[in-house]
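> Could you work out the structure for the sequence below:
(one chain, ligands or ions: 1)
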Amino acid sequence: MAKIQAPINKNEYYDVTFEDLTHEGAGVAKIDGFPIFVPDALPTEKGKIKIVNVKKGFAFGRLIELHEESKDRTNAPCPIYKQCGGCQLQHLSYQGQLDFKQKQVREVLARIGKLDMERVKVHPTLGMNDPWNYRNKAQVPVGEREGGLVAGFYQQRSHEIIDMEKCLIQQSENDNIVQAAKEICQKYGVKAYNEPKHNGWLRHIMVRYGIITKEVMIVFVTKTDDFPHKSSIIAELTEKFPTIKSVVQNINPKRTNVIFGDQTKVLWGEEYIYDYIGDIKFAISARSFYQVNPEQTKVLYNKALEYADLTGEESVIDAYCGIGTISLFLAQKAKRVFGVEIVPEAIEDAKRNAELNGIANAKFAVGEAEVVIPKWYQEGNKADVIVVDPPRKGCDESLLKTILKMKPMRVVYVSCNPATLARDLQVLEQGGYTTVEVQPVDMFPHTVHVEAVVKIMLKEGN
Ligand code: SAH
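From the prediction side, this is the model:
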């Protein structure tokens, strides 16, 4: 095939109009049909760009000057927005973000899933009333600059740690505790870990906050298992923040950018903090997975529960169940729920959480969903409803095939990646299911992450 000649050259300037936004939040302009991705630009805007990199079928550009602004453009309120890279959409109004996420889901389902979008309804994204300070977990690397401790984030594409006093999507209690921990550690001469040299001691600080219970856990991730000035540091911190219920040390001696090591010990207070999603109480340990935006998680799971349409008589499978969050939600309305998850510790948490809430009709199994569920099917077990909440890569094909054989009346698909969702829906549609409706939920305001829950029903006669 003849190589397509890019109609543009590196380092040259062009005046363009932006037509679209990529799933990574960059503006898309086209020159003779050739797409150029430009961060910070929004659809409908016009401006001057400089081409910085030309690839085979596309190029990257930098916005030099805006000539016409979108009506949805807003000033990103965070002063370190561009350096950090944690948020990608702060320059787009919140309503603009919600519209973008809805459109993204609709387009991907049409393009990749080949679904008939006249039939499949994609609802407007359910957003937050106040889309700030929503994260319940702060996890920051610690470094040193001119002898002082800094804690914040790695500058994009580097190992340099930028100090951060405040993150606008973070619970302010978390920011305050990180700040105080940094100051107190500094006072006692604590040495930060140095990644290139692999020396020093304090690697990361993690803080978790129960938004309902107001209980806090702080975790110090350190290179070695000692803790200089332990009693004084803990006394000062817990005195200043009575919300702290648990102080934990995790030891990571390895030369790695993985945050946690294998050894975890409670230094002070409890092993767990507690929080609620809806009426369900969760015990959260230092290493447990827990949703970072519990307020929206409740919205998402209530939608999943609504789409499952339970009467109390159903057997339900919750595939990729994590610590059993969705399973326990469903168990309140189903006859029985079976959760499957690959991480053994998560299943231990799920069992503990079931017990904590007095829920006896939820059972949990460790294993791969695509292995465990086919086995259940072979043993003659059936499900009326199957809920799946897979990681970004979507469901394994053998799981989808088993679903087609098991023929549950309804499938509820919770997805964090519209592309794999679309691919999997196509398989289900070809196997006798119909996609009824799709509800995007904004779990991570100001970022490009898109979460959606889908109601899928077995067609009559199948
Ligand atoms: N439903 C849970 C977790 C969803 S995240 C919640 O809402 O909290 C996806 C989960 O799938 C993770 O816990 C991950 O460990 C698990 N997972 C990944 N691959 C898996 C597989 N092949 N089989 C079962 N679980 C898997």
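> Tell me which other helices or strands the helix or strand containing residue 97 touches.
Here residue 97 sits within helix 94-111, counting by DSSP states H and E. Under the contact criterion of 3 or more CB pairs under 8 Å, 6 or more residues apart in numbering; DSSP states H and E, helix 94-111 touches strand 121-122, helix 418-430, strand 433-441. In short, each C-beta sits where N, CA and C put it, glycine included.
> What count of nearby residues applies to the residue of the chain found nearest the ligand?
Residue nearest to the ligand within the chain: residue 322 (2.8 Å; CB to the nearest ligand atom). Neighbourhood size, residue 322 [other CB atoms under 10 Å]: 21.
> again with residue 235
Residue 235 has 13 neighbouring residues, counting by other CB under 10 Å.
> ditto for residue 288
Neighbourhood size, residue 288 [other CB under 10 Å]: 19.
> Can you report phi and psi for it?
Note on residue 288: backbone dihedrals following degrees, to the nearest 10 are phi -70, psi 150.
> I'd like to know which residues of the stretch 301-450 of the chain are adjacent to the ligand.
Proximity of the stretch 301-450 of the chain to the ligand (CB under 6 Å from any ligand atom) is limited to residues 320-322, 325-326, 340-343, 346, 368-370, 389-391.
> Give me the subset of these lying in helices.
Mapping these onto helices (DSSP state H) picks out 325, 326, 346, 369, 370.
> got the domain boundaries for this protein?
According to automatic domain parsing, the chain comprises the domains 13-68, 98-129+293-458, 137-284.
> mind checking the end-to-end distance for the first one?
Using CA to CA, to the nearest Å, one end of domain 13-68 lies 17 Å from the other.
> list the buried ones in stretch 61-68?
Under the neighbour-count criterion of 16 or more other CB atoms under 10 Å, stretch 61-68 has 61, 63, 66 buried.
> can you check stretch 378-388 too?
Within stretch 378-388, the residues that qualify as buried are 383, 384, 385, 386, 387, 388, counting by 16+ other CB under 10 Å.
> ditto for stretch 298-309
Neighbour-count burial for stretch 298-309 [16+ other CB under 10 Å]: 298, 299, 300, 301, 302, 303, 304, 305, 307, 308.
> Quickly find the element holding the third one.
What that stands for is residue 300. Using DSSP H and E, residue 300 falls in helix 294-308.
> Could you pull out the strands in the stretch 1-150 of the chain for me?
With DSSP state E, counting those that start in this stretch as the criterion, the stretch 1-150 of the chain has strands at 13-21, 27-31, 34-38, 46-54, 59-68, 121-122, 137-145, 148-154.
> so the residue of the chain closest to the ligand touches residue 341, yeah?
Yes - in this structure, residue 322 is within contact of residue 341 by CB atoms under 8 Å, at 5.9 Å.
> The residue nearest to residue 227 when sequence neighbours are not counted: neighbouring residues, count only.
Nearest non-adjacent residue to residue 227, counting by CB to CB, 6 or more residues apart in numbering: residue 249, 6.1 Å away. Using other CB under 10 Å, residue 249 has 21 neighbouring residues.
> what's the helix or strand for residue 249?
Assigned by DSSP H and E, residue 249 belongs to strand 244-251.
> list the helices and strands that strand packs on?
Partner elements for strand 244-251 (3+ CB pairs under 8 Å, 6+ apart): strand 216-222, helix 230-240, strand 263-269.
> Reformat these as CSV; add mean pLDDT and distance to the ligand.
Shown next, in CSV, are the helices and strands packed on strand 244-251 (pLDDT from 0 to 100; distance: least, CB to the nearest ligand atom, whole Å):
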stretch, mean pLDDT, distance to the ligand
strand 216-222, 98, 18
helix 230-240, 98, 29
strand 263-269, 97, 18
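> Would you mind listing what in the stretch 1-150 of the chain touches the ligand?
Within the stretch 1-150 of the chain, no position lies close to the ligand (CB under 6 Å from any ligand atom).
> In the stretch 1-150 of the chain, where is pLDDT below threshold?
1-4 (pLDDT under 70).
> Overlap of the contact sets of residue 322 and residue 341?
Counting by CB atoms under 8 Å, 6 or more residues apart in numbering, the shared contacts of residue 322 and residue 341 are residue 350.
> rewinding a little: want to try TSV for the strands of the stretch 1-150 of the chain, with distance to residue 183 as columns?
Below are the strands of the stretch 1-150 of the chain laid out as TSV (distance: least, CB to CB, whole Å):
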stretch	distance to residue 183
strand 13-21	40
strand 27-31	40
strand 34-38	40
strand 46-54	40
strand 59-68	38
strand 121-122	48
strand 137-145	12
strand 148-154	8
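> and of these, who's closest to residue 232?
The closest of the strands of the stretch 1-150 of the chain to residue 232 is strand 148-154. By CB to CB, the value is 16.0 Å.
> Show residues contacting the closest one.
84-86, 140-144, 160-164, 178, 181-182, 185-186, 190, 192, 202, 205.
> swap the cut-off to 7 Å and go again
For strand 148-154, the surrounding residues in contact (CB atoms under 7 Å, 6 or more residues apart in numbering) are 84, 86, 140-144, 160-164, 178, 182, 185-186, 190, 192, 205.
> For residue 149, which residues count as its bridge partners?
residue 144 (DSSP bridges).
> Assumed residue 349 was part of a helix.
Yes - residue state for residue 349 (DSSP: H, G, I helix; E, B strand; the rest coil) corresponds to a helix.
> Could you pull up the contacting residues of it?
The contact partners of residue 349, by CB under 7 Å, 6+ apart, come to 288, 323.
> Likewise for the one 5 residues further on?
By CB under 7 Å, 6+ apart, the contact set of residue 354 is 324, 328, 362.
> isn't the last one right next to residue 327, touching?
Yes - Residue 362 is in contact with residue 327 according to CB atoms under 7 Å; the separation is 5.0 Å.
> Pull up the overlap in contacts between the two.
Joint contacts of residue 362 and residue 327 (CB under 7 Å, 6+ apart) are 337, 339.
> Cool, thanks, signing off.
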